[in-house]
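Provide a 3D model corresponding to the input given below.
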Amino acid sequence: MIRSMTGYARVETQGPWGRLSWELRSVNHRYFDFSIKAPEDFRALDGELRQLAAARIARGKIEAALRYSRESASGSQIEPDLDRVRDLRQALEAVAKEWGPLQGADPLRLLSFPGVLREQSADFSVLLEAARKLFDQCVREFNESRAREGGRLETFLVERCDAIEQLVAIVRARYAEVRGQGIERLRARARELNVELDPARLEQEMVIALQRLDVEEEMSRLLSHLVEVRGSFKRDEAVGRRLDFLMQELNREANTLSSKSQDAELTRCSVEMKVTIEQMREQVQNIE
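Okay, the predicted model is just below:
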């Protein structure tokens, strides 16, 4: 099974400490490139989560984003820091002693002063564990999305492999016709020139010419590469680089066919092969 390097997943969970959500997205990359955006309090997880991602994702530029909100936290209490309030009162009394009586302090303005209100902090070890578990779930869903896209890519590539195999069959059949036509053209040309051909010499020259134009070896190698491409789909590992190499080999054989072709139909087939292989190569760039 193959997987695409492009993927997306988002998961969310909620508990007494609030709401957590992870988001993973990726695009093509030659190697594994992983980055995390998370609140500063969660930075202790960076190394662990990076290792977890590297163990399950072979290639791609992956961006992970963690969001945390306490808005939905249950049992959250806000309490005034009475020591801070007393400090403020003493400061006001000192100012009043220096400048004279002051107007009564506005309680709402007092509460807005930094440090006067404090919120009970959540148990952060529980929060970190929740973030770990949620990340693990997000990676699973992320890989499932990439596998689904990989399935679509595999279908596309299999169809192109079938198309190339059909072109190979056409090339082989056409080459047999062209070989016979070549002998007849040479004999016809000799008759036009009123030249008597030595059968042995004619056969020798035709063997040399046909060897130079023979493409059976290239077609056999091309079919062999297609077997390798199909086999790659069954490997339980990242096969993107392997498929990329096979695309180069397929293109090499198609180019050789084009260079040897002296027939319009064979030339058309070689062009069709190269177009199809290029379509495959473009999609292979998306495979992990």
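
Where does pLDDT dip in the protein?
Along the chain, segments meeting pLDDT under 70 span 71-79, 102-105, 107-108, 110-111, 113, 115-123, 179-213.

which residue of it sits farthest from its center?
Going by Cα atoms, centre = their mean, the residue of the chain most distant from its centre is G100, 72.1 Å out.

which residues sit in contact with R230?
By Cβ atoms under 8 Å, 6 or more residues apart in numbering, the contact set of R230 is 158, 161. In this view, the C-beta of every residue, glycine as well, is placed from N, C-alpha and C.

And the one 3 residues further on, by the same measure?
Listed by Cβ under 8 Å, 6+ apart, the contact partners of F233 are 1-2, 154, 157-158, 239.

can you put the residues you listed in CSV and add neighbour count?
Converted to CSV, the contacts of F233 look like this (neighbours: other Cβ atoms under 10 Å):
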residue, neighbour count
M1, 12
I2, 24
E154, 19
L157, 22
V158, 13
V239, 23
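
Output those residues in CSV, with distance to L52 and secondary structure appended to each entry.
Compiled in CSV, the contacts of F233 are given as follows (distance: Cβ to Cβ, whole Å; DSSP: H, G, I helix; E, B strand; the rest coil):
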residue, distance to L52, secondary structure
M1, 21, coil
I2, 22, coil
E154, 27, helix
L157, 30, helix
V158, 33, helix
V239, 22, coil
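
so which two of those are the farthest from each other?
Taking Cβ to Cβ, the two most distant members of the contacts of F233 are V158 and V239; they sit 14.0 Å apart.

hang on, the earlier thing: distance-wise, check the residue farthest from the centre of the chain relative to Q14.
54 Å (Cβ to Cβ, to the nearest Å).

just F124 next, same as before
In terms of Cβ to Cβ, F124 sits 17 Å off from Q14.

before we move on, what about V229?
V229 is 46 Å from Q14, by Cβ to Cβ.

Show me which of those two is the more surrounded one.
Neighbours were counted for V229 and for Q14 using other Cβ atoms under 10 Å; V229 has more, 23 against 14.

That one against L243, yeah?
Yes: V229 is in contact with L243 according to Cβ atoms under 8 Å; the separation is 6.5 Å.

Could you list the domains of the protein?
Each domain of the chain is listed here as a residue range: 7-73+123-147, 78-119, 148-284, per automatic domain parsing.

quick revisit: okay, and the common contacts of V229 and L243?
Joint contacts of V229 and L243 (Cβ under 8 Å, 6+ apart) are L157.

Just give the nearest non-adjacent residue to R67, would you?
Distance criterion Cβ to Cβ, 6 or more residues apart in numbering; nearest residue to R67, sequence neighbours excluded, is S21 at 4.8 Å.

And that neighbour, its phi and psi?
With angles defined as degrees, to the nearest 10, S21 sits at phi -150, psi 140.

wouldn't it be in contact with L66 here?
Yes: counting by Cβ under 8 Å, L66 is a contact partner of S21 at 7.4 Å.

So the two - more neighbours on which side?
L66 (19 against 16).

in the chain, which spans are helices?
Counting by DSSP state H, residue ranges of the helices within the chain are 46-56, 82-99, 107-111, 124-192, 199-213, 216-232, 240-260, 264-284.

Present the ones you listed as a markdown table; the columns should include distance to R10.
Shown next, in a markdown table, are the helices of the chain (distance: least, Cβ to Cβ, whole Å):
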| stretch | distance to R10 |
| --- | --- |
| helix 46-56 | 16 |
| helix 82-99 | 40 |
| helix 107-111 | 37 |
| helix 124-192 | 7 |
| helix 199-213 | 58 |
| helix 216-232 | 31 |
| helix 240-260 | 25 |
| helix 264-284 | 26 |
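
Ok, which of the ones you listed comes nearest N28?
helix 240-260 (9.1 Å).

contacts for the closest one?
The contact list for helix 240-260 (Cβ under 8 Å, 6+ apart) reads 2, 5, 59, 157, 164, 171, 212-215, 218-219, 221-222, 225-226, 228-229, 232, 235, 266-267, 269-271, 273-274, 277-278, 280-281, 284-285, 287-288.

and if we set it to 7 Å?
59, 171, 213, 215, 218, 221-222, 225, 228-229, 232, 266-267, 270, 273-274, 277, 280-281, 284, 287-288 (Cβ atoms under 7 Å, 6 or more residues apart in numbering).

now stretch 278-288
In contact with stretch 278-288 (Cβ under 7 Å, 6+ apart) are residues 2-6, 28, 58-60, 146, 150, 153, 156-157, 160, 238-240, 243-244, 247.

can we see that at 8 Å?
With Cβ under 8 Å, 6+ apart, stretch 278-288 has contacts from 2-6, 28, 57-60, 146, 149-150, 153, 156-157, 160, 238-240, 243-244, 247, 250-251.
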